[in-house]
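*Asks:* Using only what follows, build the 3D model:
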Amino acid sequence: MPCRSDHMEANGREIESRVVAKHLVYILPIMGKELPAGVKKASTEYYGNPQKLDEWTALLCATCKELEADEALADEYLWDGRMKNARELAGWWENHKEFDRKREAEEAAEAEEENLQSTALDTIYQALEKAGVEGASIDSDNDSAHLSFNLGGKVIILSSRDVEVTNDE
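*Replies:* Numbering: from 1, shown residues only. Purely as a prediction, here's the structure:
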């Protein structure tokens, strides 16, 4: 069996870093902005520069938002289907915005669930205090909330991470 070079293929982050770098090389000069160090080289390198991907993606995102705010510029350099670079950037930008919408919706849902979990613990805490259960205390930090109380000579500890929130069905 001959040797193979599958391990040499560029991975997703490497490919995306090259794509983002190409878009930056196209759009930043149009917007009158300087190219960050290494962008031009990464735009032509097979492996791109995955270490800079997040930084460059944030820059490209901000640049596209700025470009989109100027309708005339956006029509000429982003939405012009006759220009290959514009078509490719527009496709990237639409995909990126959709990913951001989904991510933001997921983050909002997670925040809502965390809020419901904390509210559930707070409700239980208030009920315990009203019932006169001794040693009830609630402790919240950035990650989760913990409710502890004494019951039958034992200390019971509940964590918001262990509270499951489901729909009424």
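*Asks:* residue nearest the centroid of the protein?
*Replies:* Nearest residue to the geometric centre of the chain (CA atoms, centre = their mean): R103, 5.4 Å.
*Asks:* tell me the domain boundaries of the chain?
*Replies:* According to automatic domain parsing, the chain comprises the domains 8-79, 113-162.
*Asks:* Looking at those, spot the one closest to N85.
*Replies:* domain 8-79 (4.4 Å; CB to CB). Quick note: C-beta positions are derived from backbone N, CA and C, even for glycine.
*Asks:* and the longest helix seen in the chain, what's its mean pLDDT?
*Replies:* Using DSSP state H, we find that the single longest helix of the chain is helix 84-131. Taken as a whole, helix 84-131 has a mean pLDDT of 89.
*Asks:* for stretch 18-33, same thing?
*Replies:* 96.
*Asks:* go on, stretch 61-75?
*Replies:* 94.
*Asks:* rewinding a little: following the longest helix of the chain, which helix or strand shows up next?
*Replies:* strand 137-140 (DSSP states H and E).
*Asks:* For that next one, buried residues please.
*Replies:* I138 (16 or more other CB atoms under 10 Å).
*Asks:* Sheet partners, orientation included, of it?
*Replies:* Sheet neighbours of strand 137-140, with direction, are listed as strand 145-151 (antiparallel) (DSSP bridges).
*Asks:* Summarise which helices and strands the next helix or strand after the partner strand is packed against.
*Replies:* Sequence order places strand 154-159 as the next helix or strand after strand 145-151, per DSSP H and E. Packing partners of strand 154-159 (3 or more CB pairs under 8 Å, 6 or more residues apart in numbering; DSSP states H and E): strand 145-151.
*Asks:* Same question for the strand it packs on: list its buried residues.
*Replies:* Counting neighbours by 16+ other CB under 10 Å, strand 145-151 gives 145-149 as buried.
*Asks:* most packed of the domains of the chain?
*Replies:* domain 8-79 (a mean of 16; mean count of other CB atoms under 10 Å).
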